[in-house]
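Participant: model this:
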Amino acid sequence: MKHGLSRLKKICRYASNVMTIAGMILAILAIVTIGLGIISLITGNVSDILMSWIGHNGDEGTKIIVAATMENILILSIGSITVITIGNVMDSISKENSPFTELNADRMVLISMIYFVSSFLLLTLGFVVERRATESVFIFLGTLLVSVVMYCLALMCRYGAILQKESDETL
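Facilitator: Purely as a prediction, here's the structure:
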C-alpha cells in the first residue's frame, strides 16, 4: 500500500506543475480574447484577428460576435479555473498523508458549481450565436455531466476523509 501512495504522490507532484502551467496558458488566452474584444468594441471595427480567434466570420451581426466572444472567454476561464483547481488538488495529494481531505472535496464542489452555472450560460450563448440545437444541447449536457461527476467525486473524497479520520482515531 505504501508503494501505491508514494507513486501517487510522485505523479501528482509532476502533474500539479503541468496543470499550473496549463492553467496559466488558458488564463492568458482568456485575457487575450478579452483584450481583442475590448479593442474591437472601442474601435468599432471587428478585426479579422478576433474573428479567426473566436471562430466566426466578419459577416455576422454584432450581437453574435459579442456572444461568441463571451462564450470563448467563458470556456477559457472555466478551463483555467478547472485546471488550476485540479492542480491544487494534485499538489495537496503530493504533500498530505491522504488524498482524502475536506479541502480537496471543497475544491471539487467548487468545480461542480462552476460547471453547473456554466452549463446554462453556455446553452444561452449557444442559442444567441445561432449554434445548431444539437450542438448547444450537447455542450449543455456535457458541462452538466462534468458538474454531476465532480460533485460525486467530492462526496467520495469527503467520505474518504471521514473514513481516514476514523482510522487515524482508532490507531
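
Participant: could you identify the longest helix within the protein?
Facilitator: Here the longest helix in the chain is taken by residue count, with DSSP state H as the criterion, and it is helix 2-43.

Participant: buried ones in stretch 136-147, by neighbour count?
Facilitator: Taking 16 or more other CB atoms under 10 Å as the neighbour-count basis, stretch 136-147 is seen to contain the buried residues 136, 139-140, 143-144, 146-147. Every C-beta, even on glycine, is put in place using the N, C-alpha and C of the backbone.

Participant: give the helix, strand or coil label for residue 155.
Facilitator: When the structure is reduced to helix, strand and coil (DSSP: H, G, I helix; E, B strand; the rest coil), residue 155 reads as helix.

Participant: sorry, back to before: so which elements touch the longest helix of the chain?
Facilitator: Helices and strands touching helix 2-43, by 3 or more CB pairs under 8 Å, 6 or more residues apart in numbering; DSSP states H and E, are helix 48-54, helix 62-95.

Participant: thinking again about what came up before, okay, and which of the buried residues of stretch 136-147 map to strands?
Facilitator: Members of the buried residues of stretch 136-147 lying in strands (criterion: DSSP state E): none.

Participant: restricted to helices, list the residues you listed.
Facilitator: When these are checked against helices using DSSP H, the ones located there are 136, 139-140, 143-144, 146-147.

Participant: what's the nearest residue to residue 119 if we skip its chain neighbours?
Facilitator: Sequence neighbours aside, residue 143 is the residue nearest to residue 119 in space, at 3.8 Å (criterion: CB to CB, 6 or more residues apart in numbering).

Participant: one more: residue 15?
Facilitator: Leaving out its chain neighbours, the residue that sits closest to residue 15 by CB to CB, 6+ apart is residue 90, at 4.9 Å.

Participant: so how far is residue 160 from that neighbour?
Facilitator: Per CB to CB, to the nearest Å, residue 90 is found 16 Å from residue 160.
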